[in-house]
Structures are given as C-alpha cells and as structure tokens.
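Asks: let me see the structure of the following:
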Amino acid sequence: MPASILIVDDEKHTREGLQMALEDDYDVYLASDADQAFNLLDSQPFDVVLTDLRMSGKSGLKVIDYSLTMSQKPICIMMTAYGNVETAVEAMKRGAFDFLTKPVNLERLEILIKRAINSKQIQVENKELHQRLDQKFSFKGIIGNSAALEAVIERVKLVAPSKATVLVEGETGTGKELIAQAIHQNSDRSRKAFVAVNCAALPTNLLESELFGHEKGAFTGAIEKRVGRFEASDNGTLFLDEIGEIDAATQVKLLRFLESKTFERVGSIKPIEVDVRLVCATNQNLKQLVESGDFREDLYYRLNVVSIFLPPLRERQEDIPLLLTHFLKYYAKDNGVPLPDLDAAAIRVLQDYKWPGNIRELRNFAENTVVLHRGGTITEYDLDNRFREGAPVSVQSEGVQSNLSVEENEKHLLRKALLQAKGNRTKAAELMGISRRTLHRKLVQWPELDTTGRAGG
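Replies: Just a heads-up that it's a prediction; the model follows:
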C-alpha cells in the first residue's frame with residue numbers, strides 16, 4: 001500500500017502541481033486551508049503532511065500542531081517562500097521534520113518524503129519493539145539452564161546497570177547480539193534505542209560514514225547530510241558486531257570517542273557529543289590481533305572494560321533439548337504446520353553432535369525439520385549423516401568393544417547398522433552379514449533398537 005500524503009496550500013496551482021509530481025508513487029490528498037486539513041486529519045491517518053507556512057486564515061504552524069495531536073502522528077514538512085532562519089527554527093520546535101523554501105525543488109522534496117516515511121517506519125518499529133522488549137530480550141529470552149549459560153547470565157546482571165563498555169566474545173552463531181540486547185534491556189537505557197551494526201558487512205570506505213555520519217559534499221555521492229549510528233543511539237546502546245574487522249582510521253576515531261564522548265561527522269570539524277553505551281562483539285582473538293599489529297592496544301583495553309565469553313553450543317549440551325523444543329515450536333507456529341517430535345535416540349545423537357555453526361545451525365536444523373516433516377516422530381534414522389561423527393564404515397569391519405559383553409557388542413553393532421542404513425532392515429542385515437529374518441528376530445528380542453516403526457526394505 002502506498003504511503004499517504006496530505007498537501008496543505010492555499011495556492012491552487014502549487015498544491016495541484018505537487019499532486020501531479022507525487023501521485024504516481026503516493027496517495028495524495030489536498031487541502032486549501034488549515035480547517036480543511038483538520039477535517040481530513042480527523043477522518044484518516046496520514047504518513048506525511050506537507051504544509052505551506054503562510055496561508056489565509058490559520059498558518060501552517062497550526063497544521064503542524066494539530067497533526068501532532070493525532071494518535072498516529074504524521075511526519076510534517078514545512079514549505080514557505082520566506083526562508084528565514086527564525087521561521088525554520090520555529091517550525092522545527094513545533095515538531096516539523098524538515099523545511100523547504102519555495103519554489104519547491106521536486107528532487108529535494110522526493111528525497112525528504114522518502115526520508116520522512118523511513119523515519120515514520122522506524123518510529124512504528126521502535127514502538128512495537130518497546131512493547132515486546134520485556135518478553136523477547138529479558139533474561140527469560142535466553143534459553144538454557146546449563147552452568148555455563150548461568151554464569152553468563154550472572155555476569156550480564158552485574159554489568160547491565162553500569163555504564164561500562166562491554167566486549168562479548170564467542171564463536172559465530174553463539175548469540176552474542178542476544179546478550180548485547182539483554183544488557184541493554186536490563187539497563188536504565190532500556191527505553192531508548194538499541195542500534196546494531198555488523199562491521200564486517202560494510203566496506204571499509206563506508207564504515208566511518210555509517211558510524212559517524214557525514215556532511216553534504218563530504219565525498220562523491222554524499223548528496224545530503226547523513227546522521228550516523230552514534231547519533232541515532234544517543235542515550236541508548238550501540239552494538240558493534242565483528243569489531244575486529246574495523247580499519248585503522250576507524251579505530252582511531254572510535255578510540256577518541258571512548259576517551260572524549262565526542263566525534264566529528266565525515267567532512268566536518270565540529271565535535272558532536274553523545275551519551276552512548278558501547279557493547280562490542282567479536283569471534284576473533286583481539287589479543288592476538290593486538291600482538292600482530294592489526295588492532296590498537298589502547299583501543300583494546302578501552303573496549304575490554306568488562307568481557308563476557310559466550311560458550312559454544314558443544315560446551316552446553318544440556319541446553320540442546322530446550323533449544324530444539326523452543327525452535328521447533330516457533331517454526332511450526334510460524335509455518336502453520338503440526339509440531340514434529342524428536343524421539344529420545346534422535347535427541348541423544350543431536351546432543352553428541354558438535355554444532356560448528358552453534359545456535360544458528362541449530363535454528364536452521366529446526367526450521368528444516370518443521371518444513372520437511374510436518375509433524376510425526378523424527379528418529380535417529382531420519383537425521384542427516386552430518387550429525388554422526390566420522391565417515392560411514394562397514395559394520396562388519398568395525399570390530400567389537402572390549403569393555404562390552406558379547407550381547408552388548410551385538411546390540412551396539414546392530415544399532416550402528418540400522419543407523420547407517422537409515423532404518424532400512426534389508427540394508428542393515430547386509431551390513432551385519434546376517435539374513436533379514438535373523439535381523440527381525442533380533443529386533444523382537446531387543447525392541448528398544450527398533451524406533452522406526454517400519455517394516456523397511
């Protein structure tokens with residue numbers, strides 16, 4: 001659905017000309033004076049209000065005032081032929097998003113409208129985010145009851161109320177951003193912005209501008225002033241992921257901010273002061289980067305005031321069943337399909353798996369399982385080969401284990417054969433070097449080995 005724009009101007013040719021310029025991309029409504037604008041504002045919500053300043057009757061400032069009393073506040077842009085500083089300041093004080101002088105530059109107007117709509121969307125998303133924060137990013141949102149995870153949570157509880165800079169370390173996919181969000185949510189900044197930046201995802205030549213902003217004309221392509229992530233997170237928390245990827249010039253500027261709480265936009269020498277809590281994360285060993293000369297030692301100590309190490313999933317195996325249950329339920333509900341069930345043997349296999357991709361890999365597995373199986377029971381024979389350590393070997397050549405009895409060894413080999421054959425009894429019998437009838441008799445004798453419920457092959 002296109003965004004809706006209300007144009008308020010007492011000059012007929014101006015408002016109709018603007019309508020012609022914008023109606024291909026937006027739903028455009030017209031008002032010839034403030035009173036007509038009030039009626040339209042009462043009748044429906046608008047995304048943007050574009051109002052003239054000086055009109056017969058009430059001025060455009062009154063339109064801004066009235067617009068901002070709406071439950072769904074539009075973004076207001078002022079137009080005037082009297083482009084003096086005092087008028088601009090007054091319009092901004094009233095809550096105007098920006099200011100245009102007449103005759104209106106249509107290219108500039110389109111840029112402003114796009115920025116205004118983006119700003120409104122961010123406001124809506126932030127409002128929804130604040131409503132969900134207590135549930136999604138509280139300590140209860142961190143799933144697991146292992147001793148390793150409990151130690152992390154206790155450390156978060158200690159550091160969250162402070163102003164200290166935090167360095168979260170851990171392998172890729174362990175949930176470092178979730179820990180950063182928990183720190184923010186349990187601090188006195190929880191109702192302010194939480195802004196996340198993946199430093200590795202941005203080219204070196206854009207990272208400085210993304211973080212600190214730039215002035216119009218600062219470099220080729222800088223057609224307007226840009227507010228950076230530091231300003232956007234003022235009074236809130238800025239999360240810098242993959243901090244080990246930032247270049248030397250950005251390291252210097254970041255160090256200066258940590259020392260002075262000020263920075264300059266690219267292309268400016270005017271210092272800007274902000275109050276930002278910095279939480280950084282890395283999957284690299286920053287100490288080694290310091291030793292190799294790739295990361296500044298003084299910056300390292302500024303960032304590492306408090307460190308939190310997030311253990312990999314292989315070191316918190318007891319959390320795996322809880323995580324599996326959580327993500328299976330989530331994706332079943334999200335896709336509107338029945339919830340699959342993992343049997344005990346399948347869970348044991350998944351707990352023994354090393355999960356090199358950590359929680360991110362486990363989430364992928366859960367979504368894949370939900371989409372492909374759509375309910376039913378998942379046995380160990382339904383799992384991919386990657387969940388079993390080592391390459392498949394012939395069961396006949398595997399040999400026995402000296403610490404097991406003859407019967408236990410036979411059960412062990414039979415289970416391995418069924419696992420390798422994905423529950424196919426004919427293939428399992430061939431691997432064992434026995435007949436299918438003998439295999440069947442063994443399964444009757446040891447029914448706990450037959451979790452497939454299938455006649456197989």
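Asks: so for stretch 257-274, mean pLDDT?
Replies: Averaged over stretch 257-274, pLDDT sits at 92.
Asks: mind listing what's buried in that stretch?
Replies: Phe257, Leu258, Phe263, Glu264, Arg265, Val266, Gly267, Ile272, Val274 (16 or more other C-beta atoms under 10 Å). To be clear about C-beta, it is placed using only N, CA and C from the backbone, and glycine gets the same treatment.
Asks: and stretch 343-357, how far apart are its ends?
Replies: 23 Å (C-alpha to C-alpha, to the nearest Å).
Asks: gap between it and the chain center?
Replies: Remark: stretch 343-357 is offset 26 Å from the chain centroid, using C-alpha atoms, centre = their mean, to the nearest Å.
Asks: take the buried residues of stretch 257-274 and keep only those in helices.
Replies: Phe257, Leu258 (DSSP state H).
Asks: mind picking the two most distant members of the buried residues of stretch 257-274?
Replies: Leu258 and Gly267 (22.1 Å; C-beta to C-beta).
Asks: for the chain, just list every one of the strands.
Replies: Using DSSP state E, the strands found in the chain span residues 4-8, 27-31, 48-52, 75-80, 98-101, 166-169, 194-198, 237-241, 262-263, 272-273, 277-282, 306-309, 341-342, 377-378.
Asks: closest to Lys329 out of the ones you listed?
Replies: The nearest among these, by C-beta to C-beta, is strand 341-342 at 11.2 Å.
Asks: what sits up against that closest one?
Replies: Leu324, Leu328, Leu350, Gly376, Thr377, Ile378 (C-beta atoms under 8 Å, 6 or more residues apart in numbering).
Asks: can I assume Ile378 is in contact with Ala366?
Replies: No: assessed by C-beta atoms under 8 Å, Ile378 is found out of contact with Ala366, at 10.7 Å.
Asks: where does the stretch 51-200 of the chain dip in pLDDT?
Replies: 82-85, 88, 123-141 (pLDDT under 70).
Asks: need the max-distance pair from the contacts of strand 341-342.
Replies: Of all pairs in the contacts of strand 341-342, the most separated under C-beta to C-beta is Leu350 and Gly376 at 16.7 Å.
Asks: thinking again about what came up before, wait, which of the buried residues of stretch 257-274 is closest to Asp343?
Replies: Closest to Asp343, out of all of the buried residues of stretch 257-274 and judged by C-beta to C-beta, is Leu258, at 51.9 Å.
Asks: quick check, pLDDT for the nearest residue to the closest one once chain neighbours are set aside.
Replies: Using C-beta to C-beta, 6 or more residues apart in numbering and skipping the chain neighbours, the partner closest in space to Leu258 is Arg302 (4.4 Å). Looking at Arg302, its pLDDT reads 95.
Asks: likewise for Thr451?
Replies: Confidence at Thr451, expressed as pLDDT, is 53.
Asks: got it, and Glu410?
Replies: Reported pLDDT for Glu410: 72.
Asks: and it, how many neighbours?
Replies: 16 (other C-beta atoms under 10 Å).
Asks: the one 3 residues further on too?
Replies: Neighbours of Leu413 under the rule other C-beta under 10 Å: 18.
Asks: what does Ala332 give?
Replies: Ala332, neighbours per other C-beta under 10 Å, totals 20.
Asks: kindly report the same for Tyr26.
Replies: Burial of Tyr26 is recorded as 18 neighbouring residues (other C-beta under 10 Å).
Asks: repeat that for Arg374.
Replies: Arg374 has 13 nearby residues by other C-beta under 10 Å.
Asks: still on that earlier bit, what subset of the contacts of strand 341-342 is buried?
Replies: Here, 16+ other C-beta under 10 Å leaves Leu324, Leu328, Leu350, Ile378 buried among these.
Asks: who's in contact with the last one?
Replies: Taking C-beta under 8 Å, 6+ apart, we find Ile378 in contact with Pro340, Asp341, Leu342, Asp343, Ala346, Thr369.
Asks: which residue packs closest to it, ignoring adjacent ones?
Replies: Nearest to Ile378 is Leu342, by C-beta to C-beta, 6+ apart, at 4.9 Å.
Asks: care to break this structure down by domain?
Replies: As assigned by automatic domain parsing, the chain contains the domains 4-126, 137-311, 314-387, 395-449.
Asks: circling back to that earlier point, using JSON lines, lay out the buried ones among the contacts of strand 341-342 together with distance to Asn358.
Replies: Listed next are those as JSON lines, based on distance: C-beta to C-beta, whole Å:
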{"residue": "Leu324", "distance to Asn358": "14"}
{"residue": "Leu328", "distance to Asn358": "17"}
{"residue": "Leu350", "distance to Asn358": "13"}
{"residue": "Ile378", "distance to Asn358": "21"}
